[in-house]
Every structure is written in structure tokens, then in C-alpha cells.
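> Here is my input, please return the structure:
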Amino acid sequence: MADEAQRPTVLVVDDTETNIDIILDALNDEYEVSVALDGMTALENCAHTLPDIILLDIMMPEMDGYEVCRRLKADPRTRDIPVIFITAMSETQDEVVGLALGAVDYITKPISVPIVQARTRNHLALRSAQLALENQNAILEQKVQKRTVELRQSQLTTITCLGRAAEYRDPETGSHIHRMAHYSRALALACGMDTSEAELILNAAPMHDIGKVGVPDQILLKPGGLNPAEREIMKSHVTIGGEILGNQTAKVLQSACQIALSHHEKWDGTGYPLGLAGGAIPLYGRIVAVSDVFDALISERPYKPAWDIPQAVAELKAMSGAHLQPMLVDHFLRILPEILQIWEQYKVNSHHSSCHDRR
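Sure thing, here's the model as predicted:
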């Protein structure tokens, strides 16, 4: 006899006591068997305790077995319970109807004890295998999700390292990079982007100047202004950044490449490297441009003191429509309290940078 605590449960639904007695005698030794004498009682029983399998008579008063099966399969809680019809109806069409409703098998009367035992055992074994497979699939899905998170974290770590490489090459403070990335995220959300896309910008923006690793020291580190030839070399950092970040399958690196190539374009078409104007400039580049400019204005540089907030706001407004997209400037100023909170959070060492903000 099977362990009482682990025995599968069988619900028998039949309005004839003789049939019930036969089935009880056939199954009681192996299973925990309960009985319902009509369809409504069967549904009520299932609402409280889900059986592992149901043996269901078709010809019953008030609610026949077809209707009981139809309701069981319509309920998400009970639709996966195997249903075996037991009936005197033996025409092929009757079987087709029952199977179409979702029954797994069809046993005809008079009831054969060996057949009832074999069919019940087989369908419970099949259901057990299905549940084991579903459980295994769930475990595999959890492992895939965990691995995806790990890969994404590894990817973001690599991206952070790239950003730090640019920081060491260009003496631009890392605080600036963190600030402008968080400004960009806040501005993206203010524009109506969803959280996932805003996070993408947050993670991609720190690489906007990665191309400065390819600019010669005598230009990158030169005190004072650059001559026209040197300025052209400095401007090449955007295309160098595009080459470093280009041809990647990771979406964050594709976004970083787009930002690196476009964050020095200007709304009026006078920027570089392509002289794009208006909506032809990628949105991510336009967002980062606003954030980058604002942080440069309020930060101390070797060639200028830090501007106060009213001065920086006035300059942003002056740039609106020329250097920067007006709509983005409006959104940025609308969330200025949030921007200033980010400034306070990441302003460490902001006044000790030896940055050369070559635009």
C-alpha cells in the first residue's frame, strides 16, 4: 500500500452507487479517493481541494459530465487536472466530444477494474512527468535569468572600466562623468522615456568622451587654448570614440557609440563631426549634450571659475535653439531641483579637477 501521506488523490463523480463501489474497490488501495454524486458537488469539492485526477460520469441529472468538464477546463485552477470520462456512451462521436472538451481518456461501462486501474495509473504518471518537466523548465528559466543578470552586470562593469580608462587618459574628473550621466537619466525620464531606456542612457553616457584616449598628450594636456589645427585633432575624439565603441551587439555599447558620435552636434547644425541639425541628431546625443554643457558651466576649470546656478541657467537659455534643443532645455530647467541634488551627491573633488574641457 502506498504511503498515506503521499498517495495521489482521485475524485470520482458518478450518481450510481454500484459504479462508485466498483471504482472504490479498484483504487482504494493505491489512492486517496473521494466521491461526488453530482456535477455541482464535484465542482464545489474542487474549489476547496484539488484532486490529482478526476473520473467523471457523463450521464448525470441536472449537470452532465460534459458541462462539468467544460467548467473545469475554463478555470485556471482546475484546467490541468486530468479528466477520464466513464460512461455507457460508446459511440465514436461521444468520445470525440469528450476529448475535444479536454478529457484525457474515455472508459466505457460496464466498468473493468483492471482498465480503471491501468488508465488511472498511466495518466497520473503522465501528469507527474509533466509537472516534473514544468518544474525543471522553471528551474532552468531561473538559471537563465540569473545568468542574464550576471552577464549584464559583467557588461556594465566592463563599461565602467572603459569610462575610468578615459578618466585616467583625460584628467577630467570622474565626478563630472557620474554627474552628467545621472543628469542624462533624469532628463530622459522627464522627456517621457521609460525606466529601462533611461537606465540605458545612464550606463552609456559615461563613455561619451572615450575617444580622448586617442588624442595626443600635448594637445589633451596643453594649458590654455588650442590653435585651429590642434582643435581639429581634439575634435577627432568623437570619431575615435565611435570606432572604439562601434560594431557591438550589446545595446548599451551601441547607445554609447551613438552618444560619443553625436554629443557635440548642435541643434542649429553648426556642431561636429557631421554638422547634423534638429531631429537628425540622435536623441541620446541631444540629451547628453544638455547635461554635459550644464555640468561644465557650474564646474571649476583651469581657465575659468565655476559659474553660479543663475548664470548657468541663463547660458542654457541662451543656447536653446542654437547649441541645444529648446524642448530639452525646458525639461532640464523644469527638473533643476533634482539636477542640483545630483550635483550635491556627486560634487566630490569637483573643484579640484585639472580638466581641459575641449569642446
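
> which parts of the helix or strand bottoming out on mean pLDDT in the chain are buried?
Here the helix or strand of the chain ranked lowest by mean pLDDT, DSSP states H and E is helix 92-100, holding a mean of 78. Neighbour-count burial for helix 92-100, counted by 16 or more other Cβ atoms under 10 Å, picks out Asp94, Glu95, Val97, Gly98. All C-beta atoms are positioned from the backbone trio N, CA, C, and that covers glycine.

> so who does the second one touch?
When contacts are counted by Cβ atoms under 8 Å, 6 or more residues apart in numbering, Glu95 touches Tyr106.

> for the nearest residue to Leu99 once chain neighbours are set aside, which residues make a bridge with it?
Spatial nearest neighbour of Leu99, chain neighbours left out: Tyr106 (7.0 Å); criterion: Cβ to Cβ, 6 or more residues apart in numbering. Note on Tyr106: beta-bridge partners by DSSP bridges are Phe85.

> Quick one: residues contacting Tyr106.
Tyr106 touches Ile84, Phe85, Thr87, Asp94, Glu95, Gly98, Leu99, counting by Cβ under 8 Å, 6+ apart.

> same thing with Leu200?
By Cβ under 8 Å, 6+ apart, the contact set of Leu200 is Lys251, Val252, Ser255.

> Need the pLDDT of it.
On pLDDT, Leu200 comes in at 93.

> measure it to Pro282 for me?
Look at Leu200 and Pro282: by Cβ to Cβ, to the nearest Å, they are 13 Å apart.

> cool, Gly192 as well?
Distance, Gly192 to Pro282, by Cβ to Cβ: 17 Å.

> In terms of packing, which of those two has more residues around it?
Pro282 (17 against 9; other Cβ atoms under 10 Å).

> Name the SS class of Asp15, please.
Under the three-state scheme (DSSP: H, G, I helix; E, B strand; the rest coil), Asp15 adopts coil.

> confidence score at it?
Taking Asp15 on its own, its pLDDT is 90.

> from the buried residues of helix 92-100, which two are the most distant?
Glu95 and Val97 (7.3 Å; Cβ to Cβ).

> before we move on, back to that, tell me the buried residues within the contacts of Leu200.
By neighbour count, with 16+ other Cβ under 10 Å, the contacts of Leu200 hold Val252, Ser255 as buried.

> Give me the subset of the contacts of Leu200 lying in helices.
Lys251, Val252, Ser255 (DSSP state H).

> Point out where the stretch 201-350 of the chain drops to low pLDDT.
The stretch 201-350 of the chain contains residues with pLDDT under 70 at 302-303, 348-350.

> Would you map the helices across it?
217-220, 228-235, 237-245, 251-262, 283-297, 309-319, 326-334, 336-345 (DSSP state H, counting those that start in this stretch).

> Comparing those, which comes out most buried?
Comparing these by mean neighbour count (mean count of other Cβ atoms under 10 Å), helix 283-297 ranks first with a mean of 24.

> Quick one: list the elements packing against that one.
Helices and strands touching helix 283-297, by 3 or more Cβ pairs under 8 Å, 6 or more residues apart in numbering; DSSP states H and E, are helix 174-190, helix 195-204, helix 251-262, helix 309-319, helix 326-334.

> can you redo these as a markdown table with distance to Thr9?
As requested, the helices and strands packed on helix 283-297 are arranged in a markdown table below (distance: least, Cβ to Cβ, whole Å):
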| stretch | distance to Thr9 |
| --- | --- |
| helix 174-190 | 52 |
| helix 195-204 | 44 |
| helix 251-262 | 49 |
| helix 309-319 | 71 |
| helix 326-334 | 61 |
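
> Which one of the ones you listed lies nearest to Asn28?
helix 195-204 (56.3 Å).

> quick one: the closest one to chain centroid distance?
13 Å (Cα atoms, centre = their mean, to the nearest Å).

> where's the nearest residue to Ala181 once chain neighbours are set aside relative to Glu265, distance?
Of all residues not flanking Ala181 in the chain, Ala205 sits nearest, at 4.1 Å (Cβ to Cβ, 6+ apart). Ala205 sits 15 Å away from Glu265, going by Cβ to Cβ.

> And these two? Which one has more around it.
More neighbours surround Ala205 than the other of Ala205 and Glu265, with 28 against 25 (other Cβ under 10 Å).

> Pull the contacting residues for the more buried one.
Ala205 is in contact with Ile177, Met180, Ala181, Ser184, Arg185, Ala256, Ile259, Val288, Ser291, counting by Cβ under 8 Å, 6+ apart.

> repeat that for 7 Å
Met180, Ala181, Ser184, Ile259, Val288 (Cβ atoms under 7 Å, 6 or more residues apart in numbering).

> The third one touches Val293, doesn't it?
No. Taking contacts as Cβ atoms under 7 Å, Ser184 lies outside contact range of Val293: 11.6 Å.

> Mind putting the buried residues of helix 92-100 into a markdown table with distance to Gly269?
Listed next are those as a markdown table, based on distance: Cβ to Cβ, whole Å:
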| residue | distance to Gly269 |
| --- | --- |
| Asp94 | 77 |
| Glu95 | 75 |
| Val97 | 72 |
| Gly98 | 73 |
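
> now, among the residues you listed, which is nearest to Ala47?
Distances from Ala47 to the buried residues of helix 92-100, taken by Cβ to Cβ, are shortest for Gly98, at 22.5 Å.
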